[in-house]
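Q: dropping a prediction and its sequence here:
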Amino acid sequence: MATLAILLSGCASLPSSGPTGRQVMRGAKDPDAALRFQVVDLDGAAFQKLVQVQPTGRAVGRLAALARDGRVDRIGPGDVLQVSIYEVGMTLFGSSGGIGPGAMSEPDSARTQAMNAVTVASDGTIRLPYVGRLMVAGSTAYDVQRMIEQALHGKSQSPQAMVTVVNSPGNSVYLLGDVMRTGRIALTPARERLLDAVATAGGSKVSSADTMIRITRGGESAEMRLGDVRPGSSDDLTLLPGDRIELVGEPRSFSAFGATPRVSQVPFGEPNLSLAEALARVGGPNDAQADPKAVFLFRYDAAAIAAGEPPVIYRLNLMKPESYIIAQNFPMRDKDLIYIANSAANPVSKFVAILNQLFAPLLTARVLTDSNN
């Protein structure tokens, strides 16, 4: 009996792919553990709570925090303006752009003079003939029209100005990263939104569920999954000049450890993945070594931990039929970890297998010797 006890105690030192279900539960109750965690059973009661809290719509994400009021019709340095001058009677601008006899020959006719495109200087000013230098930065095209007409008052008869913004780098956003067409997109008074800009650029190179969209505005940044941004929602921000939008491909995945056919990291490959589908992808519990009553899902929620809540481990008992229904409705999250515990009988089985390997040759030799005698 003493020898048997010593042999059985050696089972604990045999190689193993991880703790048993009982060891995980003891770890959750250990008051001296450096990292405390809680185990939540995925049973019928948990399923009822899961059904009750199923979201009816998308929650507000982190992009909504960057919402600001702003305008997209302000002129800035680098903008290109097209200026046209309309006159009647005694005209100041002739067909050649200056005063000439042709302009004086038809005093009752209306004339228009389209000037060359004017670029706003780095100091925010433009310079026009007979008008001089005007500070236009921060003004609208309508404001500049009024400035030109006031400057020409008394120099021309009933001057009218038409100003059009041909190109406006200042009223633009920039897209980069894993987008089909990177570059600058000009904003218009129609007030484009975030998803409008992504669509204009051809969309993401990978699926929206596996793409992080990061927006930087005024020195602040926020990001979330592109697939979680709903059109017209508070996260679908109304764009402002200078916004920088970056699309980064980050495929979601989960890991599988323990008594599975093999340890693996598995990509989601679809927008939504349930626990049942995740278990099927890794081959489920290994019949020869797994404890189907101890399937654990380790989930690290940084926001919850920052709020003072301990990490959560969900336990699923696959020996109960209702567990499969629960697993079908339990959503996986990025970086979840599935651990299938080893059966408590595994060490004993391994030990017996080792004994068989040690003594089987001796028994075979004994049988051969006895048969020869």
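A: Great, that's in hand. Numbers count the residues shown, from 1 in each chain.
Q: for the stretch 51-200 of the chain, just list every one of the strands.
A: Applying DSSP state E, counting those that start in this stretch to the stretch 51-200 of the chain gives strands spanning 80-88, 110-114, 118-119, 125-128, 132-135, 160-167, 172-177, 183-186.
Q: so for D236, which of the ones you listed sits nearest?
A: D236 lies closest to strand 172-177 among those, at 13.8 Å (C-beta to C-beta). (C-beta placed from N, C-alpha, C; glycine too.)
Q: name the residues that touch the closest one?
A: Under the contact criterion C-beta atoms under 8 Å, 6 or more residues apart in numbering, strand 172-177 has outside partners 181-187, 197-198, 201, 214, 239-248.
Q: picking up where we left off before, now the strands of the stretch 51-200 of the chain in CSV, with mean pLDDT?
A: CSV is the format used below for the strands of the stretch 51-200 of the chain (pLDDT from 0 to 100):
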stretch, mean pLDDT
strand 80-88, 87
strand 110-114, 65
strand 118-119, 92
strand 125-128, 93
strand 132-135, 94
strand 160-167, 91
strand 172-177, 94
strand 183-186, 93
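Q: can you lay out those strands as JSON lines showing distance to G218?
A: What follows is those, written out as JSON lines (distance: least, C-beta to C-beta, whole Å):
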{"stretch": "strand 80-88", "distance to G218": "25"}
{"stretch": "strand 110-114", "distance to G218": "38"}
{"stretch": "strand 118-119", "distance to G218": "26"}
{"stretch": "strand 125-128", "distance to G218": "26"}
{"stretch": "strand 132-135", "distance to G218": "24"}
{"stretch": "strand 160-167", "distance to G218": "23"}
{"stretch": "strand 172-177", "distance to G218": "13"}
{"stretch": "strand 183-186", "distance to G218": "18"}
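Q: right, so of these, which gets closest to R281?
A: Between these, strand 172-177 lies closest to R281; by C-beta to C-beta that is 28.7 Å.
Q: send the alpha carbons of the closest one over as PDB?
A: In PDB, the C-alpha atoms belonging to strand 172-177 read as follows (Å, rounded to 0.1, in the frame of the first residue of the first chain):
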ATOM      1  CA  SER A 172      -9.900  68.900 -46.200                       C
ATOM      2  CA  VAL A 173      -9.400  65.700 -44.300                       C
ATOM      3  CA  TYR A 174      -6.600  63.100 -44.800                       C
ATOM      4  CA  LEU A 175      -7.000  59.400 -45.100                       C
ATOM      5  CA  LEU A 176      -4.200  56.900 -44.700                       C
ATOM      6  CA  GLY A 177      -3.500  53.400 -43.700                       C
END
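Q: roughly how far does P251 sit from K335?
A: 11 Å (C-beta to C-beta, to the nearest Å).
Q: for this protein, name the helix or strand with the lowest mean pLDDT.
A: helix 101-104 (a mean of 40; mean pLDDT, DSSP states H and E).
Q: domains of this protein?
A: 16-48+252-348, 63-71+171-249, 80-167 (automatic domain parsing).
Q: make a markdown table from the ones you listed and add mean neighbour count to it.
A: Output for the domains of the chain, formatted as a markdown table (neighbours: other C-beta atoms under 10 Å):
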| stretch | mean neighbour count |
| --- | --- |
| domain 16-48+252-348 | 16 |
| domain 63-71+171-249 | 17 |
| domain 80-167 | 15 |
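Q: so what's the nearest residue to A290 once chain neighbours are set aside up against?
A: Take A290 and drop its neighbours on the chain: the residue closest to it by C-beta to C-beta, 6 or more residues apart in numbering is A259, 3.5 Å away. Going by C-beta under 8 Å, 6+ apart, A259 touches S17, G18, P285, N286, Q289, A290, D291, I340, A341, N342, S343, N346.
Q: my guess is the third one meets T260, correct?
A: Right, the one you point to is P285. Yes - between P285 and T260 there is a contact under C-beta atoms under 8 Å: 7.2 Å.
Q: pLDDT wise, what is R62 at?
A: You'll see R62 listed with a pLDDT of 84.
Q: neighbours of it, how many?
A: By other C-beta atoms under 10 Å, 13 other residues sit near R62.
Q: F296 pairs with what?
A: R315, Y339 (DSSP bridges).
Q: look up how far L81 lies from it.
A: Distance of F296 to L81, given as C-beta to C-beta: 66 Å.
Q: what do you get for P321?
A: Taken as C-beta to C-beta, the span from P321 to L81 is 73 Å.
Q: okay, who's weakest in the contacts of A259 by pLDDT?
A: N346 (50).
Q: report whether A278 is found in a helix, as I expect.
A: Yes - checked against DSSP: H, G, I helix; E, B strand; the rest coil, A278 lies within a helix.
Q: where does this structure have low pLDDT?
A: Scanning the chain for pLDDT under 70 picks out the ranges 1-17, 51-61, 89-113, 344-373.
Q: now do 80
A: 1-18, 27-36, 46-61, 87-115, 156-157, 287-288, 302-306, 308, 344-373 (pLDDT under 80).
Q: all the helices of the stretch 1-150 of the chain, residue numbers only.
A: For the stretch 1-150 of the chain, the helices defined by DSSP state H, counting those that start in this stretch cover 2-9, 21-29, 44-52, 101-104, 141-152.
Q: ok, the stretch 251-373 of the chain next?
A: Going by DSSP H, counting those that start in this stretch, the stretch 251-373 of the chain shows helices at 275-281, 302-306, 322-329, 346-372.
Q: touching, G249 and I213? I think so.
A: No - using C-beta under 8 Å, G249 is not in contact with I213, being 10.8 Å away.
Q: list phi and psi for the residue lying closest to H153 once chain neighbours are set aside.
A: Among residues not flanking H153 along the chain, P159 sits closest, at 7.0 Å (C-beta to C-beta, 6+ apart). Phi and psi for P159, reported as degrees, to the nearest 10, are phi -70, psi 140.
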